[in-house]
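S.K.: Could you work out the structure for the sequence below:
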Amino acid sequence: MARTTIGTLVAVLALLGAAPQALAHNTLIGSDPKEGAEIDVAPRKVTLTFDQEVQSGDVNQIVVNGPDGGQWARGPVDVDGTEVSRALGELGPAGEYTIGFRILSADGHPVTREIPFTVTKSGTGTPVETPPAQQDAPVETPDAQDPSAVIPTWVWIGTAVLLLGVGIWLAVRQGREQ
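M.R.: A predicted model of the protein is given here:
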């Protein structure tokens, strides 16, 4: 009976140890421009750095919206390991710009967020022309950082405790029958 109980405990501990890894979405660890930065001249591209590799493909998105509502990011989204970037043209009016992104996390879940920065000097750039259908239909995705968008950790722990209880009950019952 002791061997069965110990085996069950080891199995449950292994499940508990794996649960946080299963829920580990990519986390943004840096951006250029930085969140809340005040800059005179915008960089030639927006770069986001994550703690894990980002899955490549056409599913990753980066947009840069200006104070006038215009879209300022140009060209394709580039993924290079843990860095995701997209080119910017010269920005236009001074004011707050917002980098919005949606990337496909290493575990397959989308991660979304917005990063504001302020341009203090007006540029001469013009926003990208987008078809009206794209302007009126924003991408609706759950925020992977939002606890309601993923299975809470307590569900995994509760399931593991339930399995442990069933394992112990079976081990005790089997021990009595022998």
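S.K.: only C-alpha atoms for contact and neighbour calcs from this point on.
M.R.: OK.
S.K.: mind listing the helices for this protein?
M.R.: 2-22, 132-136, 153-177 (DSSP state H).
S.K.: what sits opposite the residue most central in space within the chain in the beta ladder?
M.R.: Residue closest to the average C-alpha location in the chain (CA atoms, centre = their mean): V111, at 2.4 Å. With DSSP bridges as the criterion, V111 is bridged to I103.
S.K.: Same check on I115?
M.R.: Beta-bridge pairing for I115 (DSSP bridges): I99.
S.K.: again, but for the one 4 residues further on
M.R.: With beta bridges defined as DSSP bridges, V119 has these partners: I39, G95.
S.K.: wait, it sits on E90?
M.R.: No: with contact defined as CA atoms under 8 Å, V119 does not reach E90; the gap is 11.2 Å.
S.K.: Residues that sit against both of those two, list them.
M.R.: Among the neighbours of V119, those also in contact with E90 (CA atoms under 8 Å, 6 or more residues apart in numbering) are A42.
S.K.: more crowded one of these two?
M.R.: Taking neighbours as other CA atoms under 10 Å, V119 and E90 compare with V119 leading, 21 against 18.
S.K.: Relative to P43, how far out is the more buried one?
M.R.: 11 Å (CA to CA, to the nearest Å).
S.K.: try L88
M.R.: Counting by CA to CA, the gap from L88 to P43 is 7 Å.
S.K.: Neighbours of L104, how many?
M.R.: Summarising burial for L104: neighbours were counted as other CA under 10 Å, giving 21.
S.K.: What about the nearest residue to it once chain neighbours are set aside, how many residues nearby?
M.R.: In this structure, L104 finds its nearest non-sequential neighbour in P110, 4.6 Å apart by CA to CA, 6 or more residues apart in numbering. Residues lying near P110 (other CA under 10 Å) number 21.
S.K.: Could I get the pLDDT score of P110?
M.R.: Per-residue confidence (pLDDT) for P110: 91.
S.K.: Can you give the domain ranges for the chain?
M.R.: Domain assignment for the chain by automatic domain parsing gives 1-23+151-178, 26-142.
S.K.: which stretches of this structure have low pLDDT?
M.R.: By pLDDT under 70, the weakly predicted segments of the chain are 1-24, 130-154, 178.
S.K.: how about a cut-off of 80?
M.R.: For the chain, the stretches flagged by pLDDT under 80 are 1-24, 129-156, 158, 175-178.
S.K.: How many neighbouring residues does L48 have?
M.R.: Neighbour count of L48, defined by other CA under 10 Å: 21.
S.K.: Leaving out the residues flanking it, which one is nearest to it?
M.R.: Nearest to L48 is S31, by CA to CA, 6+ apart, at 4.5 Å.
S.K.: so the residue nearest to K45 when sequence neighbours are not counted bridges to which residues?
M.R.: Setting aside the residues directly before and after it, K45 is nearest to A87 in space (CA to CA, 6+ apart), at 4.0 Å. Counting by DSSP bridges, A87 is bridged to K45, R74.
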